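A.B. asks: with the sequence up front, the predicted model follows.
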Amino acid sequence: MTSTVPGNFLEVTQRIRKACERSGRTNESVTLIAVTKFQSIEAVKAVAAAGATQFAESRVQEARDKVPGLKSLGTWHFIGHLQTNKARLAVELFDVIQSVDSLRLAETLDAAAADVGKTLGVFLQVNISGEAQKHGFSPAESPQAAEAISHLSHVRLQGLMGMAADADETSVRAAFRRLRELKERLAPVHPGLKLSMGMSGDYEIAIEEGADFVRIGTALFKA
């Protein structure tokens, strides 16, 4: 599998560039995060050698055995649902937690970050698809949540993260647009927030709708 990673990486980055061109954006305005869950250490090193500098895992227990030996490759994001009893370990392993879906979790992360002496980057997870099974704040709840998190001392609100439903392009685009519009509403009070949205099946649409980070796994590691 690792032998296919360079070609996959080139294909994905070319598609990112073309989506940026269609949107009148610079290629540098979009950052690729390589989602390495279920991938071997060799595969992670292969995608890093191809050019990736940002990486993501979605399970703390898997990351515990993988990430410490790979920290030097770049920035590590956590993107899965995070239980509060695993918050301390997540703080130790990751630079950014993109899946903050409750104030209780934000406060737990803040306390853990204080304990280990770091400032942790966090993203507010927003349920932009409206699906009951998806985690995250509703768009209506998000301004109050962002305000509360901004007052914590050891976490720094860096952006908003969302996932579209597995649906038609019109629905997917509308979901991503909702997140962009939420960022615009928050901008007067919380300037500079980034958008993390778009995965292997829909990242080009996400870029067209304003994504700053796209989270790509399958398209990078396919055989």
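C.D. replies: Yep, that arrived.
A.B. asks: in its sheet, which strands sit next to the top strand by length along the chain, and in what direction?
C.D. replies: Longest strand in the chain by number of residues (criterion: DSSP state E): strand 155-162. In the sheet, strand 155-162 lines up against strand 120-125 (parallel), strand 194-197 (parallel) (DSSP bridges).
A.B. asks: can I get those in TSV including mean neighbour count?
C.D. replies: Where you see a C-beta, it was placed from the backbone N, CA and C, and this is true even at glycine. Shown next, in TSV, are the strands paired with strand 155-162 (neighbours: other C-beta atoms under 10 Å):
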stretch	mean neighbour count
strand 120-125	25
strand 194-197	25
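A.B. asks: let me have the ones you listed in JSON lines, adding mean pLDDT as columns.
C.D. replies: As requested, the strands paired with strand 155-162 are exported to JSON lines (pLDDT from 0 to 100):
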{"stretch": "strand 120-125", "mean pLDDT": "98"}
{"stretch": "strand 194-197", "mean pLDDT": "98"}
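A.B. asks: turn these into CSV, columns for distance to residue 7.
C.D. replies: Shown next, in CSV, are the strands paired with strand 155-162 (distance: least, C-beta to C-beta, whole Å):
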stretch, distance to residue 7
strand 120-125, 30
strand 194-197, 25
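A.B. asks: now the longest strand of the chain: buried residues?
C.D. replies: The neighbour-count check on strand 155-162 (16 or more other C-beta atoms under 10 Å) flags 155, 157-162 as buried.
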